[in-house]
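> Give me a 3D structure for the following:
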Amino acid sequence: MKRVIVLYIPVIHEGYIQFLKKYAPSTETVYIAGAEIVAEHTFLAREIRAVDPETIRSLVEHLGIVRDVRLLDAEAARALNTPDTEVVTADEAISKRIAAAHFPQATLVVDRVFLRWDEANVLSQKVPDTAKTSTNPTDISFMKRAWERGQQSSCWWRQVGAMIVKNGEVLLELHNRHVPSPHAPYAHGDPRDVV
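Just a heads-up that it's a prediction; the model follows:
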């Protein structure tokens, strides 16, 4: 069975280096999610700290940990999506989404290692006891509109849309934003980075 590593790597840090060292002795090739694959996850366009995939590929290659480092595109993913391929990836949201979308026929090995703050580390999965779900079509359309508004936020961690509705009329709608600039958390740091 052929074994490969498939990872989304926005930046190089110790977590990725340790992951690669752990699997390099038993792996033929490391595939770094290329621009085409990354673009499938539209919210990553907001990640202004991410290094472009070709530069990451070059950096990983120059670390000298693995023999063969390539960019993963749709064609390479199709070629690897076979029952005789074992895909090793990290237990983090984006790498797991890539694996689920592109390697349903391959054997998947997911390793729990801290690479970055991702959904599993920051999202609460517990629904409050007081939560109520409306099935009213008007309520659903307002919630969809608020969700779409939230997607305009530059915040990497959280996109929140909100509206005030009175008698079926939207009086105000906004999304969360950083001041004085949408780039403030990336220039000065965001308190949620260490929570």
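> can you give me the strands for the chain?
Along the chain, the stretches classed as strands by DSSP state E are 2-7, 29-33, 69-72, 85-90, 107-111, 161-166, 169-175.
> tell me the most buried of those strands?
Counting by mean count of other CB atoms under 10 Å, strand 29-33 has the highest mean neighbour count of the strands of the chain, with a mean of 24. C-betas here are computed from N, CA, C, even on glycine.
> Report the inter-axis angle for the top helix by length along the chain versus strand 161-166.
Looking across the chain with DSSP state H, the single longest helix is helix 137-150. Computed with axes from the mean of the first three to the mean of the last three CA atoms, to 10 degrees, the direction of helix 137-150 lies at 140 degrees from that of strand 161-166.
> helices or strands next to helix 137-150 in the packing?
strand 161-166, strand 169-175 (3 or more CB pairs under 8 Å, 6 or more residues apart in numbering; DSSP states H and E).
> Need the pLDDT of the residue in the chain sticking out farthest from the centre.
Distance to the chain centre peaks in the chain at N167, reaching 38.6 Å (criterion: CA atoms, centre = their mean). N167 carries a pLDDT score of 93 in this model.
> How about I5?
Here, the pLDDT recorded for I5 equals 96.
> ok, back up a step: chain center to the longest helix of the chain: distance?
24 Å (CA atoms, centre = their mean, to the nearest Å).
> Over to stretch 131-144?
The chain centre lies 27 Å from the centre of stretch 131-144; the measure is CA atoms, centre = their mean.
> Equivalent analysis for stretch 173-185, please.
Stretch 173-185 sits 21 Å away from the centroid of its parent chain (CA atoms, centre = their mean).
> remind me which residues of this protein are low pLDDT?
Judged by pLDDT under 70, the chain has its weakly predicted residues at 43, 45-46, 114-125, 185-195.
> Which residue lies nearest the spatial centre of it?
In the chain, the residue lying closest to the centroid (CA atoms, centre = their mean) is I94, at 3.5 Å.
> Who's the closest spatial neighbour of that residue, skipping the chain neighbours?
Y8 (4.2 Å; CB to CB, 6 or more residues apart in numbering).
> so that neighbour makes contact with I98?
Yes - under the criterion of CB atoms under 8 Å, Y8 makes contact with I98 at 6.2 Å.
> Common neighbours of these two, please.
By CB atoms under 8 Å, 6 or more residues apart in numbering, Y8 and I98 have these common neighbours: 33, 37.
> Between these two, which has more neighbouring residues?
Y8 (27 against 23; other CB atoms under 10 Å).
> what's near enough to touch the more buried one?
32-33, 37-38, 92, 94-95, 98.
> Distance of the residue nearest to I94 relative to D84?
Noted for Y8: a distance of 24 Å to D84, by CB to CB, to the nearest Å.
> and L108, how far is that from V30?
16 Å.
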